[in-house]
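Visitor: With the sequence up front, the predicted model follows.
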Amino acid sequence: MKSMKGILFLILIAGSITTAYGQKHKEYYADGTVKEAGKYKKDKPVGKWLFYHKNGELRGEGKYKNGEKVGTWNYYHDSKAIMETGNFVNGNKEGEWISYFDNCKILSQGNFVNGEESGVWRYYYRLGILKSEGQFDEGAQVGVWSYYYENAQLKETGVWKNNKNEGVWKFYYEDGTLWKTGDWKAGIQDGVWTYYNTLGNLEERGEWKSGKQEGLWEYYYPSGKIKDAGRWLKGKQVGEWTYYYENGLLEKRGSWENEFNVGEWSYYFENGKIDKIGDRAKGHSIGVWTYYHQNGNKKEEGEYDKEGKETGIWKIYHENGSLSREGEWLDGKQNGRWKYYNEEGKLVEEGFWDNGIQNGVWLYYYDSGKLKNQGNWKKGTQTGEWMYYYLNGKLMEHGFWKAGVQDGKWLYYHENGKKQREGQFRNGDAYGEWKNYNLSGKYTTSIYY
């Protein structure tokens, strides 16, 4: 028995041979289903032709004359529903053509002249709601066109000329509220445009030139109050821009150049007081910057390098104006000795940073200035022996840390200096025998873990 592949091959060969002699023609999908059927005469399709989907359902039907489509042609979805119908004259679509969704609702409807759309055309959503309507002239959109949402509200409307937007266009939100309006020139935004929020209040306003923002632009809060304003040049922000809080007070001010913040920029709190001030270049802070608390007192001050990273000595202040901490930055990371102070100006902590990580000896103090505890940090974790003291200077406890957890022998003392407790930690957990002592330093009890 011949294989199916062999049979299909013979059928295809036969189809091509009969074509050469003006006989019947059939073409098949790979699975053997008929794809199209008709006749050729002198290498041109003639008479009625049928075209099929892969599922075997009719895809299209119509007649050829001297190799060109003529008369009524019908096209179908693979569900058998009509997809498109209309007439051909000398191979060109002519007269009314209608396209359908697979639910039989009209998709589009209009006329062709010499194969090109002409006159009024209408397009619809799947459920039959009008989607858009307008005119064609020799296949190009012309005149007023209107577009609609699925709830039938007008979405946008304006004029087309030679297939390009022209003149004033209006766009609407789904509830019918005006969204934006402005001018087009040969398909490019050109002229003044205004934008509105869903409440109908002005959202932004400015000019377009050759498709790029140009000149003064203003932006508004939903309440209608000014939000920010400045100039554009060839689609890029330039010169000084001002930004406002909704209460009308200035939020920030500075200049733009080549899409970056440049020069001095100042920022403000909503109460109108200065927040921070300094220079910017290529979109990041450079040079000396000063930051403030909302009460007007200085918050911090320091310098940024040309890459926008903190560098050199920085000082940070409490809200009352006293120094909170000071130390050095290198390449955007804390480095070297840092000191920390309470609001009364007393040193409460000091130690070393290495490339942004605590490293080395750190000392911690009571508000009175006396030592509270001391120990080592290594790569950001407590390590080695640590000592803790009472306010009277007597040792409170001491022991060892390993990789950030207590590990090894720990001793605790009463405030009079006598031993209070001793035992071992393993990976942060107490284990083994722990001994307790009274105020005289005499052994009393043991606890086992």
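Guide: Yes, it's here. Just so it is clear, the structure is predicted and the values come from calculations on it, not from any experiment.

Visitor: rest of the way, CA atoms for contacts and neighbours
Guide: Fine.

Visitor: Sketch out the low-pLDDT regions of the stretch 1-150 of the chain for me.
Guide: 1-22 (pLDDT under 70).

Visitor: That one: helices as residue ranges?
Guide: Defined through DSSP state H, counting those that start in this stretch, the helices belonging to the stretch 1-150 of the chain, from first to last, are 4-20.

Visitor: And the strands in it?
Guide: Per DSSP state E, counting those that start in this stretch, the stretch 1-150 of the chain has strands spanning 24-28, 34-41, 44-52, 58-65, 68-76, 82-89, 92-100, 106-113, 116-124, 130-137, 140-148. These are given in chain order.

Visitor: how about the strands in the stretch 201-350 of the chain?
Guide: Ranges of strands within the stretch 201-350 of the chain are 202-209, 212-220, 226-233, 236-244, 250-257, 260-268, 274-281, 284-292, 298-304, 310-317, 323-330, 333-341, 347-354, based on DSSP E, counting those that start in this stretch.

Visitor: any idea of the angle the second one forms with strand 202-209?
Guide: By that I understand strand 212-220. Orientation of strand 212-220 against strand 202-209 (axes from the mean of the first three to the mean of the last three CA atoms, to 10 degrees) gives an angle of 160 degrees.

Visitor: same thing with the last one?
Guide: With the same axes, to 10 degrees defining the directions, strand 347-354 sits at 30 degrees from strand 202-209.

Visitor: Just checking: what are the partner strands of strand 347-354?
Guide: The sheet places strand 347-354 alongside strand 333-341 (antiparallel), strand 357-365 (antiparallel), with pairing taken from DSSP bridges.

Visitor: now the first one: mean pLDDT?
Guide: Yep, that's strand 333-341 we're talking about. Throughout strand 333-341, pLDDT has a mean value of 97.

Visitor: Would you mind measuring from the closest residue to residue 63 other than its chain neighbours to residue 58?
Guide: The shortest distance from residue 63 to any non-neighbouring residue, by CA to CA, 6 or more residues apart in numbering, is to residue 48 (4.2 Å). Using CA to CA, to the nearest Å, one gets 13 Å for the distance from residue 48 to residue 58.

Visitor: Kindly reformat the strands of the stretch 201-350 of the chain as CSV containing distance to residue 123.
Guide: Shown next, in CSV, are the strands of the stretch 201-350 of the chain (distance: least, CA to CA, whole Å):
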stretch, distance to residue 123
strand 202-209, 31
strand 212-220, 31
strand 226-233, 38
strand 236-244, 38
strand 250-257, 46
strand 260-268, 45
strand 274-281, 52
strand 284-292, 50
strand 298-304, 59
strand 310-317, 60
strand 323-330, 65
strand 333-341, 62
strand 347-354, 69
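
Visitor: before we move on, the earlier item: of residue 48 and residue 58, which one has the most company?
Guide: Neighbour totals were compared for residue 48 and residue 58, and residue 58 leads with 23 against 15 (other CA atoms under 10 Å).

Visitor: Quick one: residues contacting that one.
Guide: The contact partners of residue 58, by CA atoms under 8 Å, 6 or more residues apart in numbering, come to 50, 51, 52, 75, 76, 78, 80.

Visitor: What subset of those is buried?
Guide: A residue is treated as buried here by neighbour count (16 or more other CA atoms under 10 Å); on that basis the buried members of the contacts of residue 58 are 50, 51, 52, 75, 76, 78.

Visitor: Tell me which two in these are the farthest apart.
Guide: By the measure CA to CA, the buried ones among the contacts of residue 58 have their two most distant members at 50 and 78, which lie 13.8 Å apart.

Visitor: Quickly list what's touching both of the two.
Guide: Between them, residue 50 and residue 78 share these contacting residues under CA under 8 Å, 6+ apart: 58, 59.

Visitor: now the strands paired with strand 347-354 in JSON lines, with distance to residue 136 and mean neighbour count?
Guide: Output for those, formatted as JSON lines (distance: least, CA to CA, whole Å; neighbours: other CA atoms under 10 Å):
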{"stretch": "strand 333-341", "distance to residue 136": "65", "mean neighbour count": "19"}
{"stretch": "strand 357-365", "distance to residue 136": "70", "mean neighbour count": "20"}
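
Visitor: mind putting the ones you listed in CSV, distance to residue 266 included?
Guide: Listed next are the strands paired with strand 347-354 as CSV, based on distance: least, CA to CA, whole Å:
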stretch, distance to residue 266
strand 333-341, 25
strand 357-365, 32
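
Visitor: Bridge partners for residue 286, pull those for me.
Guide: For residue 286, the beta-bridge partners are residue 279 (DSSP bridges).

Visitor: and it, how far is that from residue 263?
Guide: Counting by CA to CA - residue 286 and residue 263 are separated by 9 Å.

Visitor: With neighbour numbers in mind, choose between the two.
Guide: In terms of neighbours (other CA under 10 Å), residue 286 is the more surrounded of residue 286 and residue 263; the figures are 23 against 17.

Visitor: Need the per-residue pLDDT for the residue lying closest to residue 141 once chain neighbours are set aside.
Guide: Closest residue to residue 141 apart from its sequence neighbours, by CA to CA, 6+ apart: residue 163 at 4.7 Å. We have a pLDDT of 91 for residue 163.

Visitor: How much space separates residue 163 from residue 61?
Guide: Using CA to CA, one obtains 32 Å as the distance from residue 163 to residue 61.
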